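# This is the structure alone, sequence omitted:
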């Protein structure tokens with residue numbers, strides 16, 4: 001085997017601190033080189049659009065060794081705040097189309113930094129050439145996508161909140177940026193903006209959904225992909241004010257953040273949205289958030305699948321009274337199939353046209369639970385009138401989803417089944 005003398009050489013690894021110190025050494029001797037004048041001779045035909053639109057690197061951020069004032073730190077922290085969550089992703093179908101934010105001073109209003117910009121610019125002109133003008137600052141939110149995937153970004157944020165002179169606002173915003181950059185389960189509360197093709201025909205261009213921090217025992221506080229796909233189906237199938245799938249009265253089981261129930265209400269159908277006691281306050285908040293269109297037709301109530309008696313006691317006639325029952329992503333444990341079928345059997349009307357609409361993600365680890373659900377439904381006398389496998393996604397990636405519309409088997413169908 002040939003000997004390679006370079007194998008004995010181990011180069012020094014450059015660290016974040018080394019890069020920062022190098023820039024610091026450049027900045028300290030003559031800070032005036034960063035000062036920007038209005039004259040054309042300074043910028044030599046001004047900076048090209050390509051230079052202005054380069055992705056932001058963490059070394060473009062204010063160097064903390066230069067002790068940027070709180071106004072500068074707060075300005076950057078607010079501009080680096082994530083845009084409003086729009087559906088689930090920038091990819092895929094029209095249900096997730098997202099327009100790039102416009103490059104205008106409106107971004108300062110949206111980010112609540114109008115007063116911070118003039119206060120921060122003197123320091124930025126002296127020490128931060130990448131963002132030494134309002135025009136450049138406007139571009140920061142749209143150019144920071146790759147920055148947030150760099151480990152050094154979290155390191156910068158950590159140093160920001162460790163700064164002895166950091167104000168309470170800086171500490172709060174810095175902590176939020178760190179949480180937002182640690183994955184969906186660590187993120188703070190968000191407002192998700194849901195757009196669905198043709199929804200505007202029913203008087204609303206989008207739906208706003210409040211999602212508190214996600215915890216493992218409160219999965220109902222999260223909007224899941226099944227609800228968006230089912231909602232899109234309901235909107236698409238509603239023509240001339242009549243739905244292909246829904247008949248009043250409607251009961252939604254496990255409403256979560258309420259997307260499907262709110263959509264059913266917007267389409268003009270009286271709908272009762274139900275969930276566990278700890279989910280109901282946020283569910284009601286989302287009804288209120290969309291009260292301009294959905295509230296008159298939407299009602300929120302607590303319903304525990306293991307103890308439906310309190311729900312029934314409010315109106316004993318509720319048993320076997322709902323002509324449409326809606327469920328979206330209701331299976332999270334081995335017990336859920338039993339509870340789901342129990343609730344359907346208790347509350348679905350016995351009339352021939354009564355139906356169940358169910359949308360379930362085909363998660364790899366839940367094959368047994370899904371198979372159990374279908375067996376229990378069949379055993380309880382339900383048969384699929386329509387079913388479809390669809391592609392979709394949510395915050396956790398791409399997924400296939402199964403939609404089924406089920407009705408009670410007619411007596412002659414049950415008799416035939418019993419013969420075999």
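Done, it's in. Values in this document were obtained by computation on a predicted structure and should not be read as measured data.

# wait, is residue 273 part of a strand?
Yes - assessed by DSSP: H, G, I helix; E, B strand; the rest coil, residue 273 belongs to a strand.

# in terms of contact, does it touch residue 303 like I think?
No - counting by Cβ atoms under 8 Å, residue 273 sits too far from residue 303 to count as a contact (9.4 Å). Just so you know, the C-beta spots here come from the backbone N, C-alpha and C atoms, and that holds for glycine as well.

# So those two - more neighbours on which side?
Taking neighbours as other Cβ atoms under 10 Å, residue 273 and residue 303 compare with residue 273 leading, 31 against 24.

# And the helices in the stretch 51-200 of the chain?
Along the stretch 51-200 of the chain, counting by DSSP state H, counting those that start in this stretch, helices occupy 70-79, 106-110, 116-127, 134-143, 151-161, 168-180.

# Could you report the separation of residue 135 from residue 75?
Between residue 135 and residue 75 the computed distance is 15 Å (Cβ to Cβ, to the nearest Å).

# Between those two, which is the more surrounded one?
Between residue 135 and residue 75, counted using other Cβ under 10 Å, the more crowded position is residue 75 (28 against 13).

# OK, contacts around the more buried one?
The contact partners of residue 75, by Cβ atoms under 8 Å, 6 or more residues apart in numbering, come to 113, 116, 117, 119, 120, 137.

# Only the buried subset of those residues, as a ChimeraX command please.
To isolate the buried ones among the contacts of residue 75 in ChimeraX, judged by 16 or more other Cβ atoms under 10 Å, type:
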select :113,116,117,120,137
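
# Now render the contacts of residue 75 as CSV, adding pLDDT.
Putting the contacts of residue 75 into CSV (pLDDT from 0 to 100) gives the following:
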residue, pLDDT
113, 96
116, 97
117, 96
119, 97
120, 97
137, 96
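
# Relative to residue 337, which of the contacts of residue 75 is nearest.
When the contacts of residue 75 are compared for distance to residue 337 (Cβ to Cβ), residue 113 wins out at 50.4 Å.

# Quick one: residues contacting that closest one.
74, 75, 78, 79.

# Including pLDDT, could those go into JSON lines?
JSON lines is the format used below for these (pLDDT from 0 to 100):
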{"residue": "74", "pLDDT": "97"}
{"residue": "75", "pLDDT": "97"}
{"residue": "78", "pLDDT": "95"}
{"residue": "79", "pLDDT": "95"}
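
# What subset of those is buried?
Looks like the contacts of residue 113 have 74, 75, 78, 79 buried, using 16+ other Cβ under 10 Å.

# Looks like the third one contacts residue 111 (just checking).
Yes - contact between residue 78 and residue 111 holds when scored by Cβ under 8 Å: they sit 4.9 Å apart.

# before we move on, back to that, just say which of the helices of the stretch 51-200 of the chain is most tucked in.
Among the helices of the stretch 51-200 of the chain, helix 70-79 has the highest mean neighbour count (mean count of other Cβ atoms under 10 Å), at a mean of 23.

# Does residue 354 touch residue 322 like I think?
Yes - counting by Cβ under 8 Å, residue 354 touches residue 322, with 7.4 Å between them.

# which residues do the two both contact?
Shared contacts of residue 354 and residue 322 (Cβ under 8 Å, 6+ apart): residue 348.

# Tell me which of these two has more neighbours.
Neighbours per residue (other Cβ under 10 Å) separate residue 354 from residue 322, with residue 322 holding more: 25 against 20.
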